[in-house]
Structure formats: structure tokens, C-alpha cells
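Q: Sequence and predicted structure are below.
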Number of protein chains: 4
Amino acid sequence: MKDLLNILVEKYRPLTLNGRVANYIPELSKMNPASLAIVVSDVASNTFSAGDYSMRFTLQSASKPFALALALMDNGADVVFDRIGMEPTGDSFNSLMKLETFTSLKPVNPLVNAGAIATTSLINGGSPEEKLDRLVALIRQLAPGCNIGFNRDVYLSEKQTGDRNRAIAYFLRDIKAISGAVEENLDLYFRQCSIEVDCITLATMAKTIAMDCDDANHPIPRQYRRIIRTFMFTCGMYNASGEFAINVGFPAKSGVSGAILGVVPKRYGLGVFGPALDHKGNSVAGVAMLAELSRELDLYLL
Amino acid sequence: MKDLLNILVEKYRPLTLNGRVANYIPELSKMNPASLAIVVSDVASNTFSAGDYSMRFTLQSASKPFALALALMDNGADVVFDRIGMEPTGDSFNSLMKLETFTSLKPVNPLVNAGAIATTSLINGGSPEEKLDRLVALIRQLAPGCNIGFNRDVYLSEKQTGDRNRAIAYFLRDIKAISGAVEENLDLYFRQCSIEVDCITLATMAKTIAMDCDDANHPIPRQYRRIIRTFMFTCGMYNASGEFAINVGFPAKSGVSGAILGVVPKRYGLGVFGPALDHKGNSVAGVAMLAELSRELDLYLL
Amino acid sequence: MKDLLNILVEKYRPLTLNGRVANYIPELSKMNPASLAIVVSDVASNTFSAGDYSMRFTLQSASKPFALALALMDNGADVVFDRIGMEPTGDSFNSLMKLETFTSLKPVNPLVNAGAIATTSLINGGSPEEKLDRLVALIRQLAPGCNIGFNRDVYLSEKQTGDRNRAIAYFLRDIKAISGAVEENLDLYFRQCSIEVDCITLATMAKTIAMDCDDANHPIPRQYRRIIRTFMFTCGMYNASGEFAINVGFPAKSGVSGAILGVVPKRYGLGVFGPALDHKGNSVAGVAMLAELSRELDLYLL
Amino acid sequence: MKDLLNILVEKYRPLTLNGRVANYIPELSKMNPASLAIVVSDVASNTFSAGDYSMRFTLQSASKPFALALALMDNGADVVFDRIGMEPTGDSFNSLMKLETFTSLKPVNPLVNAGAIATTSLINGGSPEEKLDRLVALIRQLAPGCNIGFNRDVYLSEKQTGDRNRAIAYFLRDIKAISGAVEENLDLYFRQCSIEVDCITLATMAKTIAMDCDDANHPIPRQYRRIIRTFMFTCGMYNASGEFAINVGFPAKSGVSGAILGVVPKRYGLGVFGPALDHKGNSVAGVAMLAELSRELDLYLL
């Protein structure tokens, strides 16, 4: 496995030249586009790493599945899906169009920005800080012993440049899909995006999501793990989710930092980092590595 | 299993009162809304039936996965996906909007009407009749010994009332997503929708798609079966595909006749018939039966 | 003229039963739906009034032409139309869709909410209060001696419930169509909507816009008056502007308070008040009165 | 006047280099992009010509106002506007989006393709040929003594490449906005687009539309002339209609042949020909000439 991963990094690192580091958040634009890493963690807790696996990066949208987990645990599925739809969409992740044309007055799904902001608003806690602490605590349980950090510069940069997300949040409050103080909701959203990990941590988190056991000690109940994996499959890779499902074939969630969280139920958790993005916002070399890994190991679930 | 299926039909038949038979194709509106059937065929070829399992109905959109299979076998995946996208969409199945707003000049995926018409146009053959014969021959191979018919009245009714599909087809030719005579393409499309089966046949077809073997004698190569199952999972149930993935959790394709083709890879093929539809075009009692079946037998794939 | 106006009020007051007072701004919902008034002011300064012409109401969107006048005078047409488009749109006044699909990254025109917020942001001044004072001063020059007030309750109510406008404003800043503090921009926008007048004042303001003289003492230069009248004609009545152009045929601008400002160049200014609105947001009896007035006096300009 | 027109052609002919001849209809692409002509016909029947005023070209969309006139005379305004809306739209002329999102199930206005096809379908007559003869007869009455021709090559070329219009027409029949044989409706539509004139004829036709007299002998009743002029003002120049209204200020209708029909009520008819088009489909030098003409002669109506 380790050899395979090294080969993948070697083979696909040149592809990073075809991508571009996210530039709409100034702090993110400072990342080195040539970075590339992949880590596989199996459910027996063996970990295999290749490339720049100790580099640290923010979760960005890869935080969304965990916020969804917490929202589900805090409210139950009925409340969550009364507020947020379940449908994938061919629109870009920051689009507001479906908010006007969707049949129900709610965001289409929890993994596009609109739905993710609505999801985050359902996390319990007295303040953004307390809610973030609860989310970080959940992530710590998923990756015990790992170093879960917070990148304050990225957070401040997102907060300063997050006008599209503000537009979404106010629209959501207008259609009563969220309530409360918009800036507090957004503050938590920007904070969760700025949680900082490395690829080993990311793979470990993914591995815990991959577990199918019905163990009461698992930090996330089994039925919610399944829901999260399903959304990752249908909507996890922005408006390239369908293509990823065909070419890679297991649940994954990307972030504009270049992170990809991959989950092969009952088998593997995957952590990828490659900040050079394609035009849809996914790590260009990361997606290519995962496609070859899936072919090599026959990881297709359907 | 048979007992479980009988219980499901018993329990959910009253739900048919909440649905309505498709009325936009006059011939379809003649179906009895109270009809309900479910058949499970396992990969060892045991078949379990309940309800009105011998009633015959047309495939409608449940024919799309088989047309896709043939198009893939005739052209290869590269040619097919050069013409047709892979993305799910939250829009209704007969929408043209994404044809104007999608980033590429092609239909979003092979299971909405626009993509299905483009898919059908890629089937080889000298005439619509010959192409239909090839499609029927493929379906016969998937369900050997079953009675695969053709409902001429439904075909003529669809042909007469198919203006929205004509609009889609001419738009597709305008953006060069299809070529050739539009009415011939549509003729084949209307014919494939009018292929007539019963629930046992449908389940048998589904079971053959469920097989994961790499056997050279299988009518559809393994890699194409996987592609078909993946599209059924992300886009098979119209703009309720995401909800179905969460609540039922395996690939399925519905038709406005009330048909649902369900595929549990390596395990089961499912055939459902229930012509009372919800407002998105899916069998209202059929979806409910499948959700409970999945809970009972833990059929979730992700 | 006065007789005609009295007949119109008499004849169309029952139509107010077909409309509804705006309810999305709580303060506005307190208005009496049966109120109806019309005032005509000719360029020779004769004024004819009928109905509840002394009732006071807020300008709402009827303030937009005056904000546009000030933005044009402060910046020139080139700067303004570099930021804001000139095209009418069939979408509703508070839609964000064109912000995603319009060919240029700017709001479509200065009279829908998005364009109006961008327009207001171009008014010079050190603070929202100072900018408002400049706008009120302009309006005072247009209607000298009239009582131009400010409804603080409406302003606070709008500010509190203005989330859709906040969504628009943050989207605008995201696409760099506005700059500066969003809440300050919105504050001015909400304030301008809350300027309070009666129908005589409204007609007088309109009459001054109707003047075609090239007099250097006119508060608004002639070329800008023409631009304002043109936008009122193509975009002044929300997504019923085209219908109004056909049926009434002169420039007008409505507000959700039930105000309509009508301008017949070189001849008349019109002020209408009728808070019972149709489903597009225009005064239902007001539009009917203006259509008959135009037929009676042949006020069609094209 | 003649001197002014010569100066305009001289001054703006270089601008034709910034445009491109329409290429989606093969026959149109053969036109010489450097051609430019302008003709003014006043209501006293004086005619002033400059540039290539004897070149012949097809009307294309400049035929739409005349088809609308005939539809109004054949059916009355109530029937026509029960089928077709009155609202301008910021979308491109061949867009289908509003057909899905417009509040009513009808095309937005009679001058975009969708509305024009619906308009044409309302012309009385036993066959497309007979209907065309009636339309040509009307045009002959508007420009008596002029040479009204028909370009068979352009007609056949349009018919062959008219798939977007076919898509629109079938969509219209699906929503019951048109009835009858789609290809017959389209045949008439393609024929009306292929009516061939020169600039003097175009200006004469425009001049007759510009007349405001209530004379029973006028080929088009006064109230319909007004309706046509109003639609030309709000929707005549594709999705640059708003900009044209501001910069030029009188009703006009363009065609992708490079034709512009301009109407200054009670004063002038204008005929422009300049086949080099801007990206919205309007004659690039033609629009520039009209803007300067309007400034010079103060032709702004509002």
C-alpha cells in the first residue's frame, strides 16, 4: 500500500501544474501549489502515508460532514431535513439560484454552501466559540491523539472576504431557513472552515466515519454515519460529484484548501491534500490519485 | 422474504390513494391507481413475488439504464461522456434550463430526458426498428425466457403528445449534442419507453445488472454495469434521487408508468410496479415499500 | 380635470378589494387598504386632487428615481453605468438570479432592488444621515414648499426585516458592484424608502421631472431627467413594466406603499396612492385609474 | 438631413470592423460586413438616403412588428395577449429559460423568438403561403410602390438550421401557447424572416408605422400602431433594448441581417442596414449612427 501511494504522488505531482491555488481567500492563496499528499488509514488502524503528509491545512468544506453529524446528533434527522433538502444540484457550490427556484423554500442539500450554513446554524451551544468547541471535540473523538488546530489567519481572512456567504445567509434567514444572528452563524461557519489538520489526521477522521459498527461508544451513531456518507457520495465534490462517483466511486468531500476526505465504508479512511485546484474547486492531482487508487484496489461501492 | 413482501404490499397499498396516475400520456392515464406489486430476484435466481406481479406495464424511464448500456457498448465510455454529462441536477426530469446554463454544451446526465434522448441517439442500427430490436435483444439477454413485449398504444400516445421531448431534442441538435434526424431519434426513444414487461421480468433484468462477476458471457461488461448502477444511484429517481439515496440507499430507476427498477449489487434485483405517482413522478407506494425493505434487510450500500 | 379624477377614484375604489396591503414590512401592513388618491400637477403648476390626497405614505421604491438622479449628478452617467446595467428584466424586483446569469457582473438596472442598492451606494456624503439629507434636499427642490417627512417606524421596520436586501447587498459587494460598509449602504437605502410625502407632493415632484426645459436652475440637468424617465418607462413598474407601458404608456414608478409616481413629459406630474397591491407589488386601483386617465387624455407617448 | 446622413455613414463605417456578420444562418454569412446604409423618410414623404441604400437584405426579426400587427388585426388584442406576455426580459432572444420560470405559461413578449413564433401562429390563412401573402400584402400597403421580395436561399437556409426555433415551437405547443402543425408555423416564421427589402423600403414601412393619424384608410389601426411602437421601445433591440432606449430613445427593431427599423412617432421612419453585428445581434455601426442622429435631432421621446 505504501509503495502504491508513493507511486501515485510521484506520478500525479506534475498534474498540480494544471491547477491553481484558491485565490478568493487571501490567506489560502499563500499555499504552495506543488504540495501533494495522500494517507490511507484502514479500519484496523494501520496508516500508510506518502508525499507531504505532515503539512497542515484548513478543512474548509471538508468540515461540512462533521458539522452535519453534530447537527443530526443535536436535533435528529427530522428537524434537520425539515430545514435542508437532500438533492444534489448541478450548480456551483456558492450558487443562490436554487434558493429562488427550488420547489421548497430551503437549501438543496447540506454540502453546498447554502445548506452547510443552515446545517451549522443547527449546532447547539451558547456562543460561536462554544459551538466550535463542541465541533472540535467531536473531531478529536474521531481522530483521538491527533493534533486538531485552528488557523486564525485563515479564519480572519474568510470572515473578511465572505460576502457571498453573507448573501447566502441573509437569503436563508429571509426564507426562514435559518434564524438568529446571521453574523454569529457565519462566524461559526468561518471557524469550522478554519480547523487545521494534516493528512494523517484527515485519514483517521475518515476512517472513523468509514466504520459500520453499531457500537454505542462510536462518537457518531451508525445511522448518521450512513447519511453523511450518502451525501458525500451524491454531493461531496461540488458540481463534479457525479463525475467523481463514476470515476472514483466512493464517498468523498473536498475543500478549497485542497483537502479531500475519502471514505470507503468498512475498509478505509483517506486523507488527501493538494492545493492546486481545478476550475470546480477540487484538488486536481488529488482527484487523479483517488481515481487510480480506486481502479487499483477496486474501491467502487456500486 | 415472500412474507415480508406480502406485508409490504398490504401495508402500503392504501398509500396509493395519495398518488395520481400519470396523465400527460393519455394511454398511461388508463392504469388502475390501486395496483401494487413487488418482486425480488436474488443472484442465485430465486424469485419472490407479492401483489399484482403479473400485471404488465411499460418501462418508460426505467428503460434508460438499458439504452445507456447499449450506447456504452456501441461507442465506449469516452464517446458517450463527450456528448453527455455525469452530474445530477435538482431540476425536474423534463427541464431544459441546464441546457442553457450548464458549463458545457451537453445534457447534464443520461437519466434526465435530455441526456436520455442523447444516449438513445448513440445506439447503433440502420433504423429505429433495428435499434429497438437490438435494445429488446439486450433486455431479453438480461431476462432470458421472460416475456418482453411492446405496447403500441402507449407508443403512439407518447409520440403524439411528446412535444416537450421534441423541444429537448431540437435544442440538443442545435447545440450539436445529437445529430441525424430528430424524429427518428425520438421515435426510438418513444419506442424504448413503450417496451412492456411485468414485475418478475423487471426484477430479473435488475438482478442481472446487480451481478458483479467479470464473466465474458454477461450481456453487459462489468465496468458498464458499474457505471449504470452509479447513475441510478445519483440520478435515477428524478429530482428525488438524493432523498431516495438517503432513505433507501441503493441504485434505482423509476418510470412514470409506476415502474421502479432496483439494484442491490451482488445481491438482489428488484421490480416494483405502482402507477399512483407522487408529484415528482415516482411511485408513491413503491418508494415507501423500498424504504421499509431496505431498513428490514439493511440494503444500504454506503 | 378635477371631475375626471373624482370619477376615477369613485369608479376604482371598489377594486382595492382585489389587492392586499404589503405585509412583509410590518409597519406597512397597518395601512388602510381602501385608501385611494390621485393628484395631477401640470407644468403650469395647476394642481387637481381627488380622494385621500392628504394621507401621508412612504415613498418606498418610488424613491429610486431620485436616488438615481443624485447618483448621476454626483458621478456622471459613465461611472453609474459602469456599475449598473440598463436592461429591463422579467424577474421579480427582489430577485438575485440575474446577478448570477447576467452577462456582466453588475445589477441589471437601477430600479430593481439590486440596482437601486448599487445606485444608492454612489450618492456622495460622509454618513448615511448626510447622504439622506442631500437626497431630501433634492426632493425639496423638486417640490418646494411641500412637507417632506420621514417615517421612523417604517425605517426601523424595514431595517429589521430587510434580509433579502442584505442578501442582495452582500452579493453586490462580492461581485464588486458596490464597495464600503454594507450596513451603511443599506441604512441609507432603508431611509430613502421611508421618506414620507402626500399625493400632492408626489405629483409636484413628478411634474418637475416632467419638465423638459434646459434651464440651468432646474435641480436635475435635462439629460438626467430624460434618463430617469426612460428607466421609469422600461423598468418602473416591477415585472409589470411592459404591461404598464402598453396599457398606460408613460413613465411611472411604483412603491410597495401603494405609491405611483407618473411623469408625462412636458405636460403632467402624477401622484397616486392606493396601498392595496396586486401580486406584483403595484397599486391595483392606482394602475387602473392611470390606464383610464391615459385613454381619456391620450397620454401615450409612443 | 442628407448631409448629416452622409457624415454618419462616413464616420461610423470603420466601426463595422468591430462587428461580425451573423454566421448561424449560412446564407447570411455571405453578406459584406463593410456595408452600411441609412435612410430617413419623414411623414411628409420626403426621403433622404446615404451609404449602400440600394443593397437588398432580409428582414429577419425586423419582420416581427408586422407579424404582430397582422395578428392583432386578425384576433384583437385580448386574444393575442392571452397567449403572449408583455414583459421585456434581460435574456437573449433565443432563450427558453423564461418558458420554464415565467409566472404564466406563455412567452414573455412578442419580439423575442418564442413570442414571435406564437405571434406568427395567430395569423389567419389556409396555408403558410397564403399567410405569408397576407403579411407581404400588409407590408406592400405600408410601402406602396416599393419592391418587396423574398430570398428563397435565406429561407431554405433558415429552415435547415432552425433547430433552436424548433425547440422553442415544440415547447410552446407543449404548454399550449401555440396549436396546430409546428413545422407549418415555423415555415411561415422562416418565410417572414426572409422577406427582402432595401433601406428605402424599410424606412418607408417605418414611416407608415410612425404616423399617428386616426385615418380609417391606414393599413394598421392607430391603437395597434401604438402597441407595436411600445413593444419596439421596450423589447425591440434584443437584450440591449434598455441601453438603446437610454442612448437612442425611440422605438426600433433590429434583425440579424443587420437591419434596423426605427420609428419616431409623428415624424420619421428610419431604415438602417449594417450586417456587422455586435455580440447581442444588433448592427454595431447602425446603433452608433442612430445614437448620434438622435443627439443631433433631439429624437428622444421620453
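A: Noted; the coordinates are in hand.
Q: contacts, neighbours, all on C-alpha from now
A: Noted.
Q: Would you mind listing what in chain A touches chain C?
A: Taking C-alpha under 8 Å from any C-alpha of the partner chain, the part of chain A that reaches chain C is made up of A:95-97, A:100, A:161-164, A:166-171, A:173-174.
Q: Most neighbours among these, which one?
A: residue A:169 (30 neighbours; other C-alpha atoms under 10 Å in any protein chain shown).
Q: Not including adjacent chain positions, what is the nearest residue to that residue?
A: Closest residue to residue A:169 apart from its sequence neighbours, by C-alpha to C-alpha, 6 or more residues apart in numbering or on different chains: residue A:182 at 6.4 Å.
Q: got it, and residue A:94?
A: residue A:113 (5.6 Å).
Q: list the contacts for the one you found?
A: A:93-94, A:165, A:168 (C-alpha atoms under 8 Å, 6 or more residues apart in numbering or on different chains).
Q: What about the residues of chain A next to chain C, which are in helices?
A: Among those, the ones falling in helices (DSSP state H) are A:97, A:100, A:161, A:163-164, A:166-171, A:173-174.
Q: Within range of chain B, give me the residues from chain A.
A: Residues of chain A lying near chain B (C-alpha under 8 Å from any C-alpha): A:86-91, A:102, A:108, A:226-227, A:229-231, A:234, A:239-243, A:245-246, A:249, A:251, A:265, A:301-302.
Q: follow-up on the earlier one: from the contacts of residue A:113, list the buried ones, please.
A: Among the contacts of residue A:113, the ones that count as buried by 16 or more other C-alpha atoms under 10 Å in any protein chain shown are A:93, A:165, A:168.
Q: Report the lowest-confidence entry in those.
A: Within those, residue A:93 has the lowest pLDDT, namely 80.
Q: Is that one in a helix, a strand, or coil?
A: coil (DSSP: H, G, I helix; E, B strand; the rest coil).
Q: Pull the number of nearby residues for the closest residue to it other than its chain neighbours.
A: The shortest distance from residue A:93 to any non-neighbouring residue, by C-alpha to C-alpha, 6+ apart, is to residue A:112 (4.9 Å). Residue A:112 has 24 neighbouring residues, counting by other C-alpha under 10 Å.
Q: Could you report the distance from residue A:112 to residue A:63?
A: From residue A:112 across to residue A:63, the span is 12 Å (C-alpha to C-alpha, to the nearest Å).
Q: now residue A:269
A: From residue A:269 across to residue A:63, the span is 15 Å (C-alpha to C-alpha).
Q: For those two, indicate the residue with more neighbours.
A: With neighbours defined as other C-alpha under 10 Å, residue A:269 and residue A:63 compare such that residue A:269 has more, 29 against 25.
Q: if we can go back for a sec, can you redo the contacts of residue A:113 as CSV with distance to residue B:296?
A: CSV is the format used below for the contacts of residue A:113 (distance: C-alpha to C-alpha, whole Å):
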residue, distance to residue B:296
A:93, 35
A:94, 38
A:165, 41
A:168, 39
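Q: thinking again about what came up before, touching, the residue nearest to residue A:169 and residue A:172? I think so.
A: No: shown here, residue A:182 and residue A:172 do not form a contact pair, counting by C-alpha atoms under 8 Å, at 9.4 Å.
Q: Specify which residue of the two has the higher count of neighbours.
A: residue A:172 (26 against 17).
Q: Chain neighbours aside, what residue packs nearest to the more buried one?
A: Counting by C-alpha to C-alpha, 6+ apart, the residue nearest residue A:172 is residue A:178, at 5.7 Å.
Q: Reduced to three states, what does that neighbour come out as?
A: coil.
Q: OK, now which residue of the stretch 101-250 of chain A is nearest to chain C?
A: Nearest residue of the stretch 101-250 of chain A to chain C: residue A:167, at 3.8 Å (C-alpha to the nearest C-alpha).
Q: Now that residue. Nearest residue, chain neighbours left out?
A: That would be residue C:167: by C-alpha to C-alpha, 6+ apart, it lies 3.8 Å from residue A:167.
Q: Contacts only, for that neighbour.
A: Here residue C:167 is in contact with A:166-171 (C-alpha under 8 Å, 6+ apart).
Q: ditto for residue A:290
A: Contacts of residue A:290 by C-alpha under 8 Å, 6+ apart are residue A:248.
Q: Would you confirm that it belongs to a strand?
A: No: checked against three-state DSSP, residue A:290 lies outside a strand; its state is helix.
Q: Please report the confidence value the model assigns to the closest residue to chain B within the stretch 201-302 of chain A.
A: Ranked by C-alpha to the nearest C-alpha, the top residue of the stretch 201-302 of chain A for proximity to chain B is residue A:242, at 4.3 Å. pLDDT for residue A:242: 97.
Q: can you tell me which helix or strand it belongs to?
A: helix A:241-247 (DSSP states H and E).
Q: Now residue A:22: closest residue in space that isn't a chain neighbour?
A: Spatial nearest neighbour of residue A:22, excluding adjacent residues (C-alpha to C-alpha, 6+ apart): residue A:29 at 5.6 Å.
Q: I'd assumed residue A:23 was in contact with the one you found.
A: Yes: with contact defined as C-alpha under 8 Å, residue A:29 counts as touching residue A:23 (4.8 Å).
Q: Have a look at the two and say which one is more surrounded.
A: residue A:29 (16 against 12).
Q: re the thing from before, so the residue nearest to residue A:22 belongs to a strand, correct?
A: No: Residue A:29 is assigned helix when assessed by three-state DSSP, not a strand.
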